[in-house]
Each structure stands twice: as C-alpha cells, then as structure tokens.
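>>> Here is a sequence with its predicted model. Questions after.
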Amino acid sequence: MEQHMNILLVEDETRVADFVRRGLAAEGWSVDHVADGEDALEYVASNSYDVILLDLMLPGIQGQDVCRKLRARKSKTPILMLTALDSPEEKVEGLKMGADDYLPKPFDFDELIARVEALHRRATGYAAELQDNLITSGALTFDRSSLQVTVDGAEVDLSKKERDLLILFLTNSGRVLSRERILNAVWGLNADPLTNVVDVYVGRVRRKIGEEGARIVTLRNVGYRMD
C-alpha cells in the first residue's frame with residue numbers, strides 16, 4: 001500500500017479539479033488545489049509536495065512556464081502534466097520543460113492513480129512491485145494473460161464490468177474503497193455519482209463467486225472492503 005502523499009493540483013477547470021481532488025482524497029492523500037500558475041509557484045515555494053499535477057492550459061502563466069520555473073528553482077518534485085492536447089509535439093515540449101509524465105484528458109481515474117504512485121515510487125527509490133500474471137486471494141485467482149477468474153479452479157463467468165470490479169477488489173485487498181473510487185475506476189469520469197450501479201454489481205459479483213463473496217464487506221455510508 002502506498003504511503004501518505006501530499007499532492008498539489010494545478011487545474012482551472014472546476015469540474016475536473018473537483019473530480020480529481022475528491023478521488024485523491026478518497027485514497028487518503030492530502031490535496032492542495034490552485035487554479036493558476038502564480039498560485040502554484042507560491043504554494044511550491046512554501047510547502048513540500050510529493051507529486052504535482054499540472055494542467056497545461058492555465059490562465060496567466062501557462063503550465064509549461066510553471067514547469068520551467070520550478071525546474072529553474074531546482075525543484076525536484078515529480079510533475080505529471082494534464083492536458084486536453086494529445087499531440088506528440090505537446091508531449092515532447094512538456095517533457096523538455098522538465099515534466100516527468102504526461103496524461104491526456106479525458107483520463108481514466110485509475111490510470112491517474114497508477115501514474116501518481118509510479119512517479120512517487122521512482123522519486124523515492126521504491127522497488128517496482130513485481131507484476132505476476134496470476135493474482136491469487138483465498139480461493140480466487142485472476143489470470144492477467146487469459147483474463148480468466150476462477151474459484152477453487154472452476155472458471156467463473158463474469159461480464160467485463162463484473163470482472164473489472166472484482167479485479168479492483170483483488171488488487172486492493174484489505175483496503176476500504178469508497179463507492180466514488182469504485183465508480184471512477186470501473187465506470188469512468190462521466191458516471192452519475194448518484195447511481196446505485198456499484199451496489200448492484202457488487203451483489204452480482206458476490207453471488208457469482210459463491211462463498212468467497214462473503215469476503216466483500218459493506219461498510220455503511222463508506223463503501224466496501226475485500227477481507
């Protein structure tokens with residue numbers, strides 16, 4: 001499990017900023033949000049951050065210039081650039097300015113989490129976790145290469161969303177997952193936060209995996225955890 005992180009989010013689109021901030025907070029991370037480059041430079045000067053999420057298109061000082069100024073100040077904080085522009089030229093330009101990674105919008109929330117964690121591991125010298133083909137938990141096994149889920153060796157017939165949901169639980173065993181995190185991870189950015197689709201699909205997955213389903217515990221008003 002990743003340790004606690006302090007993250008600076010530099011994003012002027014309110015909807016995107018709220019979505020990202022809530023999701024990161026649900027991971028247990030601290031998030032400061034600013035909407036322009038000037039504030040970003042001030043915050044970095046007076047606070048310590050593990051990762052900076054930096055939008056490219058900002059009012060006032062643009063993202064590339066913020067990045068350039070931070071690197072000129074010898075800031076080594078990993079920078080992940082967020083942008084609606086997905087051309088190779090833009091990516092090369094951002095990386096030349098000192099960004100460490102680049103994520104085009106709209107992005108999958110789980111990919112954002114993975115990129116942030118990877119940047120943090122790289123910056124702090126964590127050893128990359130070995131990614132085996134098989135994820136095993138109790139009687140459950142997921143084979144990454146064949147995409148098969150089995151219980152005690154017997155294959156379970158799951159839809160793509162059911163499989164994605166179960167894999168999210170398997171790869172976060174013991175962790176509390178909020179409904180918001182699950183919705184973002186499995187159904188994406190545009191999912192209706194008021195829908196009960198998460199609860200419906202958790203019920204389906206529990207039934208399909210039999211006795212193992214009892215390991216997916218409901219935490220009232222919080223979310224779910226796979227024990």
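Great, that's in hand.
>>> For the rest of this, base every contact and every neighbour count on C-alpha atoms.
OK.
>>> In this structure Val176 contacts Tyr224, no?
Yes. Here Val176 reaches Tyr224: they are 5.8 Å apart, a contact under CA atoms under 8 Å.
>>> Who has more neighbours out of those two?
More neighbours surround Tyr224 than the other of Val176 and Tyr224, with 23 against 20 (other CA atoms under 10 Å).
>>> Name the SS class of that one, please.
strand (DSSP: H, G, I helix; E, B strand; the rest coil).
>>> Contact partners for it?
Neighbouring residues of Tyr224 by CA atoms under 8 Å, 6 or more residues apart in numbering: Val176, Leu177, Ser178, Arg179, Ile216, Val217, Thr218.
>>> Give me the distance between it and Met81.
31 Å (CA to CA, to the nearest Å).
>>> likewise Gly203?
The gap separating Gly203 from Met81 is 38 Å, by CA to CA.
>>> Compare the two (neighbour count), which wins?
Neighbour totals were compared for Gly203 and Met81, and Met81 leads with 23 against 14 (other CA under 10 Å).
>>> Now do the contacts for the more buried one.
The contact partners of Met81, by CA under 8 Å, 6+ apart, come to Leu53, Leu54, Asp55, Leu56, Gly63, Gly94, Ala99, Asp100, Asp101, Tyr102, Leu103.
>>> residues contacting the closest residue to the fourth one other than its chain neighbours?
Leaving aside its sequence neighbours, Leu56 sits nearest to Gly63 (CA to CA, 6 or more residues apart in numbering; 4.1 Å). Contact analysis of Gly63 by CA under 8 Å, 6+ apart lists Gly37, Leu54, Asp55, Leu56, Met57, Met81.
>>> go on, Leu112?
For Leu112, the contacting residues are Leu103, by CA under 8 Å, 6+ apart.
>>> Look up the closest residue to the most centrally placed residue in the chain, ignoring the ones flanking it.
Geometric centre of the chain, nearest residue: Ile113, 2.0 Å, by CA atoms, centre = their mean. Closest residue in space to Ile113, ignoring its immediate chain neighbours: Leu24 at 7.8 Å, by CA to CA, 6+ apart.
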